[in-house]
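Enquirer: sequence below, structure please.
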Amino acid sequence: MAPLFTAGITATLLAALAPAAQASAADPLRRFENQKPAWQRCDASQPAALQCATIKVPLDYDRPGAKTIDLAISRMRTSVPGKRHGVILFNPGGPGGEGLDMPVMMKEAMPRKVLDQYDLIGFDPRGVGRSSPVTCGLTTTEQNFERAYRPETFSRDVAWARTVADKCRARNGARLPYITTRNTARDMDVIRAVLGQKKISYLGYSYGTYLGAVYAQMFPRRTDRWVLDSAVDPARVWRGMIQVWAEGTEPAFTRWTEWTARRDRTYRLGTTPAKVRKTFWDLIARADRSPVDDGGRKLTGDDIRAALRSEFFTPKYAAEAVMNLKKAADGHVTSRGSLVPGEQQGPPGFTASAAQAPDDNGTAAFWAVVCGDTAAWPRDPQQYRRDAIRDKATYPLYGDIASNILPCAFWNKPAEPVTTVQNKVGVLTVQNQWDSQTPLVSGLGMHHALKGSRMVFVRGGEGHGVYSADPKACANRTVNAYLSSGKLPARDVTCTPSAAQRPGVAQPLVPAPQHTPAGPRF
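Expert: The predicted model follows:
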């Protein structure tokens, strides 16, 4: 029999601990939300004002008491007492884009009247960069996802897709099913709580628009001022978003032939749109017979189709590239190095890896999200063959590449259903007319899904990503007014590009370049 004083102490402790245990059971995330970040300077190469910290989040939110992963977050305090509204969180796109340094870049883009109201918050999404990065151990060749359909190579494409899926599964074990958009949205809500905010504001680019829309769907009462720039259509995730590139490129290509024909004295590609079109397809056929030397790379017609797809949305870039490729095919040596964008070494959506991340981290994170978000991927390789044949006929430039087999055909079943985005949360969407990665039809899909949204449409706007530091741009003025006041425009807004954004003039995308060494991004 236990001594009475021991029994008494035990009873007292149990009584004292009971409320805490009940609270933990009622709110199993409280221990994550009550973390106190140990802020410190991020890196000697970054401004001292950019602070970083690491917090813990559940690997599986259905089992918050089980395994945890690290989440790297950053902040830059720019708000002014008396003017402070709260915090604004950023995402640069992807899936697989790192966001720790976004506060530095956005500080240069945002006007003082906006900065005075917000502390700027960045983070590397789960599985990315410094947030428990995933890797599949992929070679450079295995990271190349743009594969044109040909009957004689399809079996090799199937083998590649299966190998990538198998290697990702083997390297990541039980973690892989939880690297998803829904869990990243849950991580954002933990960040909100850790920062002591009832609501957060947000600016997301490209894939970041889908992440923002999913958060708004899951946590509508915690969504404050919300900007989605260059939007993913939530009804098309994710195979449909790759296929939409083929759909969106055809009108861009037609526009390019018209633009280039009017400038035949400069580019010598044809005096009519039909002649420009013929010049291009003749070049593709020649390159398939005898690859074109592009600064040491031998480009087939399939390579050129893949490399130039996004260039057609900015006609000047495409005209220069086709002109120089034609000269190279004719045996003329140009003074330029590479005539087309850098060789694709991974799927769309990731930036250069952080120092601590594996070389294939962006690719691995991309497939984890794109394959793990939804069960809609076909499982039969022959379905991909049929779709590629069909879509090459419908969208000759890119249809077969967009519909060819991908690793998602062999991925494990997702841990939870895909998110249906359909709500009335107040959101501002921003969209260029000629966006190569999230074409206009995609931006309209997001706008229609978000019943409470307003759209800023830049008619004639080119490039992936609209909001930047240009104070004269109509779209930027509208975004800044919304972030400052919290009031959405009374109706959708149509803008024209500013002088710095006219067609044919390079326009920087503040969070990240339109093309990274790894390729374009969602």
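
Enquirer: host element of residue 44?
Expert: Element membership of residue 44, judged by DSSP states H and E, is empty: it is in no helix or strand.

Enquirer: angles on the backbone of it, please.
Expert: Phi and psi for residue 44, reported as degrees, to the nearest 10, are phi -60, psi -20.

Enquirer: relative to residue 50, how far out is it?
Expert: Counting by Cβ to Cβ, to the nearest Å, the separation of residue 44 from residue 50 is 11 Å. (Glycine included, C-beta is placed from N, CA and C.)

Enquirer: looking at these two, which is more packed in?
Expert: More neighbours surround residue 50 than the other of residue 44 and residue 50, with 21 against 6 (other Cβ atoms under 10 Å).

Enquirer: for the more buried one, what are its contacts?
Expert: Counting by Cβ atoms under 8 Å, 6 or more residues apart in numbering, residue 50 touches 41-43, 74-76, 101, 103-104.

Enquirer: ok, residue 226 next?
Expert: Under the contact definition (Cβ under 8 Å, 6+ apart), the residues listed for residue 226 are 201-202, 212, 216, 425-428.

Enquirer: and stretch 299-308, what's its mean pLDDT?
Expert: Stretch 299-308 shows an average pLDDT of 97 in the prediction.

Enquirer: pretty sure residue 459 is in a helix, no?
Expert: No - counting by DSSP: H, G, I helix; E, B strand; the rest coil, one finds residue 459 to be strand, located in no helix.

Enquirer: what is the neighbour count of it?
Expert: Using other Cβ under 10 Å, the number of residues around residue 459 comes to 11.

Enquirer: enumerate every residue touching it.
Expert: Shown in contact with residue 459 (Cβ under 8 Å, 6+ apart): 433, 494-496.

Enquirer: over to residue 430?
Expert: Each residue near residue 430 by Cβ under 8 Å, 6+ apart is listed here: 227-230, 455-456, 458, 466-467, 475, 478-479.

Enquirer: if you set the cut-off to 6 Å instead, what comes out?
Expert: Applying Cβ atoms under 6 Å, 6 or more residues apart in numbering, we find residue 430 in contact with 229, 456, 466-467, 475.

Enquirer: assumed residue 66 was part of a helix.
Expert: No - under the criterion used here (three-state DSSP), residue 66 is coil, not part of a helix.

Enquirer: sec struct for the closest residue in space to it that isn't next to it in sequence, please.
Expert: Spatial nearest neighbour of residue 66, excluding adjacent residues (Cβ to Cβ, 6 or more residues apart in numbering): residue 60 at 6.3 Å. Of the three states, residue 60 takes coil according to three-state DSSP.

Enquirer: can you pull out the strands in the stretch 51-200 of the chain?
Expert: The residue ranges that make up the strands of the stretch 51-200 of the chain, judged by DSSP state E, counting those that start in this stretch, are 51-58, 68-77, 86-91, 118-123, 200-205.

Enquirer: hang on, the earlier thing: among the contacts of residue 50, which has the minimum pLDDT value?
Expert: Note: of these, the lowest pLDDT belongs to residue 43, at 91.

Enquirer: any idea how far that residue lies from residue 70?
Expert: Applying Cβ to Cβ, one obtains 17 Å for the distance of residue 43 from residue 70.

Enquirer: what of residue 262?
Expert: Where residue 70 is concerned, residue 262 sits at a distance of 55 Å (Cβ to Cβ).

Enquirer: likewise for residue 495?
Expert: When Cβ to Cβ is the yardstick, residue 495 and residue 70 sit 41 Å from each other.

Enquirer: need the contacts of residue 50 in CSV with distance to residue 160 and neighbour count, can you?
Expert: Compiled in CSV, the contacts of residue 50 are given as follows (distance: Cβ to Cβ, whole Å; neighbours: other Cβ atoms under 10 Å):
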residue, distance to residue 160, neighbour count
41, 42, 12
42, 37, 24
43, 36, 12
74, 36, 24
75, 41, 23
76, 42, 23
101, 33, 26
103, 38, 27
104, 38, 17
